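A.B. asks: after the sequence you'll find the predicted model.
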Amino acid sequence: MRVASGWVCPSCSLARSRRSFSSTTTTFKSPRDLPYEGTKRSNLTHDIRSRTTILSLIQPTGIPHLGNYLGALRRWKEFQDEKPSPAKNRRRNHMLLFGLADLHALNLKQDRELRRLNIRQTYASLLALGLDPRESNMFVQSQVPEHAELMWILSNVASTGYLGRMTQWKDKIGVGADASMENLDEKSREKLKLSLFSYPVLQAADILLYKADLVPVGEDQSQHVEFTRQLARAFNSTYARDLKAPVFTLPEAILSPAKRVMNLQQPEKKMSKSDPDVDGRILITDEPDEIRRKIKKAKTDSVVGPLTYDPETRPGVSNLIEILKHVTKSPQTCQEIAEENRNTTLGGLKALVAEEIVKELDGVKERYDALMAEGDQRIEFAMWYGRKVASSKAGNTMRQVRETVGLPGPETSKALKLAVGASPDELWEKLNTTKANT
Ligand code: TYM
């Protein structure tokens, strides 16, 4: 099959009827195709910034899998690898902020030691993939408390009606897509914790806190980016209508062509970290033989005849063809790949897919093991540096948000300035004296 370095046309993905695009979701062919300077923005956007902010997070619930990698992480790295424009004095066109959504991951009940380990493992995985803390700011969400503060403020414009229609909480508690708050049974209500229901509000805070322009994610997250846009509009019109300029810009989701990689054992479901069957996913740190074993075991079908691409009737085979296409960044459509390999057996296809994945992930496991073995210093340094950059941006936004909403800002009165270092008694005394003198 043909392999090219460019991104591919998404035609084969469009063949899947269940894969819908939202009107505000953009599938760019290549990071280079991004209209950085002229990124389509809403009319509400007011601040003319020379740099585009690109932000995305991952839940630290274990080692990332091939779906995370093809749907998001490889994209993050490509943004990082983009060469700075010479016309801009070698200054990068965009600011990169990538985070570990550990507050989101609190939904998953786990032992505190395991949670800490998962955070470290996920951070090490990002480094092992080549994300470089000097180029990409990689922070941990819980270390920037402004996320939770902004979430609370945004909760005041978040409609429970909209949240009730979102799919994630329904998936997580195992009720159908047509479930609603009204028709939930008692057991499901008990399972549905407030943090799961309001999860998209925290995600919106993650994005708006940094005034992100572009959010590279897999398809499952595009609904959350759409919700974020709705919250940004609601905040602007509720609190900033009288201001010259709105506070929040409207972010756009960027979907990579591999926007929904499917589970190897149940190809009608997406590949996920939480599935109990580990053979359904390839981890980015899997050894070559483990990758070969999992792909060999992948569920396909017993259709006789040539290899064909048809996600509806041959989901397992079609998933493998898609993985092959995306791993190799082939410019061919999935139909063309199937046609080109029409006489290949399913065993032959599996062997081809496995070898391409092994090639793509070459070196990740070694770098990951080395990072995990060397102790905490490098990871802690990278986290600290990421937090520093993220906190500075987050602090600026929150000052503006507090002022816009009418919450008290830093104390500025003369008396308080006089009182620096004074005890409460001395301060009270000073205030009385000031009052008597006026
Ligand atoms: P998470 O941790 O589930 O996944 C991380 C990224 O991987 C993508 N992804 C996939 N892409 C293709 N095929 C798959 N099978 C697949 N599985 C996962 C996800 O779309 C995501 O881009 N809520 C988010 C984390 C988050 C976030 C944010 C993302 C929190 N705040 C702000 C962007 C912006 C999540 O649970 O991702």
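C.D. replies: Cool, the structure landed. The structure presented is a predicted model; accordingly, all values stated were derived computationally and were not measured. Numbering: from 1, shown residues only.

A.B. asks: contacts, neighbours, all on C-alpha from now
C.D. replies: Will do.

A.B. asks: quick one, longest helix in this protein?
C.D. replies: helix 377-405 (DSSP state H).

A.B. asks: tell me the mean pLDDT for that one?
C.D. replies: Along helix 377-405, the predicted local confidence has a mean pLDDT of 96.

A.B. asks: does the ligand have contacts with that helix?
C.D. replies: No - with Cα under 6 Å from any ligand atom as the measure, helix 377-405 is seen stopping short of the ligand, the closest distance being 13.5 Å.

A.B. asks: so how far is that helix off the chain centroid?
C.D. replies: If you compare the mean C-alpha spot of helix 377-405 with that of the full chain, they lie 18 Å apart, counting by Cα atoms, centre = their mean, to the nearest Å.

A.B. asks: stretch 365-379 too?
C.D. replies: For stretch 365-379, the gap between its own C-alpha mean and the chain's C-alpha mean amounts to 23 Å (Cα atoms, centre = their mean).

A.B. asks: kindly report the same for stretch 62-69.
C.D. replies: Here the centre of stretch 62-69 is set off from its chain's centre by 12 Å, with Cα atoms, centre = their mean.

A.B. asks: show me where the protein has strands.
C.D. replies: If you assign secondary structure with DSSP state E, the strands in the chain sit at 25-26, 52-58, 94-100, 137-140, 214-217, 252-255.

A.B. asks: if you skip the residues just before and after it, what's nearest to residue 52?
C.D. replies: Excluding its sequence neighbours, the residue lying closest to residue 52 (Cα to Cα, 6 or more residues apart in numbering) is residue 94, at 4.5 Å.

A.B. asks: tell me the angle of the longest helix of the chain relative to strand 94-100?
C.D. replies: With axes from the mean of the first three to the mean of the last three Cα atoms, to 10 degrees applied, the angle from helix 377-405 to strand 94-100 works out at 110 degrees.

A.B. asks: go through helix 377-405 and flag the buried ones.
C.D. replies: Across helix 377-405, burial judged by 16 or more other Cα atoms under 10 Å covers 379, 382-388, 390-391, 394-395, 397-398, 401, 404.

A.B. asks: just put the strands of the chain in TSV and tack on mean pLDDT, distance to residue 411 and mean neighbour count.
C.D. replies: Formatted as TSV, these follow (pLDDT from 0 to 100; distance: least, Cα to Cα, whole Å; neighbours: other Cα atoms under 10 Å):
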stretch	mean pLDDT	distance to residue 411	mean neighbour count
strand 25-26	46	42	18
strand 52-58	96	31	23
strand 94-100	95	31	22
strand 137-140	97	29	25
strand 214-217	96	35	24
strand 252-255	96	37	25
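
A.B. asks: now render these as a markdown table, adding distance to the ligand.
C.D. replies: As requested, these are arranged in a markdown table below (distance: least, Cα to the nearest ligand atom, whole Å):
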| stretch | distance to the ligand |
| --- | --- |
| strand 25-26 | 13 |
| strand 52-58 | 4 |
| strand 94-100 | 8 |
| strand 137-140 | 11 |
| strand 214-217 | 3 |
| strand 252-255 | 8 |
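
A.B. asks: burial of residue 170, as a residue count?
C.D. replies: Other residues near residue 170 come to 20 when the count uses other Cα atoms under 10 Å.

A.B. asks: which ones are touching it?
C.D. replies: Contacts here follow Cα atoms under 8 Å, 6 or more residues apart in numbering; on that basis residue 170 touches 176, 177, 179.

A.B. asks: which residues of the chain lie near the ligand?
C.D. replies: Of all the residues in the chain, those lying near the ligand are 56-59, 67-68, 71-72, 101, 203, 206-207, 217-221, 258-262, 270-272, going by Cα under 6 Å from any ligand atom.

A.B. asks: right, and the strands of the chain - which one's nearest residue 306?
C.D. replies: Comparing these against residue 306 with Cα to Cα, the closest turns out to be strand 252-255 (31.3 Å).

A.B. asks: the closest one pairs with which strands, parallel or anti?
C.D. replies: Counting by DSSP bridges, the strands paired with strand 252-255 are strand 25-26 (parallel), strand 214-217 (parallel).

A.B. asks: got the CA coordinates for it in CSV?
C.D. replies: C-alpha atoms of strand 252-255 as CSV (Å, rounded to 0.1, in the frame of the first residue of the first chain):
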residue,chain,number,x,y,z
GLU,A,252,-13.0,24.9,17.8
ALA,A,253,-12.5,21.2,18.0
ILE,A,254,-10.0,19.7,15.6
LEU,A,255,-10.5,16.0,14.8
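
A.B. asks: OK, contacts around the closest residue to residue 77 other than its chain neighbours?
C.D. replies: Counting by Cα to Cα, 6+ apart, residue 77 lies nearest to residue 131, which is 5.9 Å off, once chain neighbours are set aside. Contacts for residue 131 were tallied using Cα under 8 Å, 6+ apart; they are 76, 77, 80.

A.B. asks: so what's the residue count around the first one?
C.D. replies: The one in question is residue 76. Residues contacting residue 76 under the criterion other Cα under 10 Å number 26.

A.B. asks: my guess is it contacts residue 216. True?
C.D. replies: Yes - with contacts counted by Cα atoms under 8 Å, residue 76 reaches residue 216, the gap being 7.3 Å.

A.B. asks: can you tell me the closest non-neighbouring residue to residue 107?
C.D. replies: Using Cα to Cα, 6+ apart and skipping the chain neighbours, the partner closest in space to residue 107 is residue 196 (6.5 Å).

A.B. asks: pLDDT wise, what is that neighbour at?
C.D. replies: Residue 196 is assigned a pLDDT of 95 by the prediction.

A.B. asks: can you check residue 180 too?
C.D. replies: In the predicted model, residue 180 carries a pLDDT score of 88.

A.B. asks: also residue 11?
C.D. replies: At residue 11, the pLDDT recorded in the model is 31.

A.B. asks: those helices in the stretch 301-438 of the chain, which residues are they?
C.D. replies: In order along the chain, the stretch 301-438 of the chain carries the following helices (DSSP state H, counting those that start in this stretch): 315-328, 334-340, 346-360, 364-373, 377-405, 414-418, 424-437.

A.B. asks: so which elements touch the longest one?
C.D. replies: By that I understand helix 377-405. Counting by 3 or more Cα pairs under 8 Å, 6 or more residues apart in numbering; DSSP states H and E, the packing neighbours recorded for helix 377-405 are helix 112-128, strand 137-140, helix 146-155.
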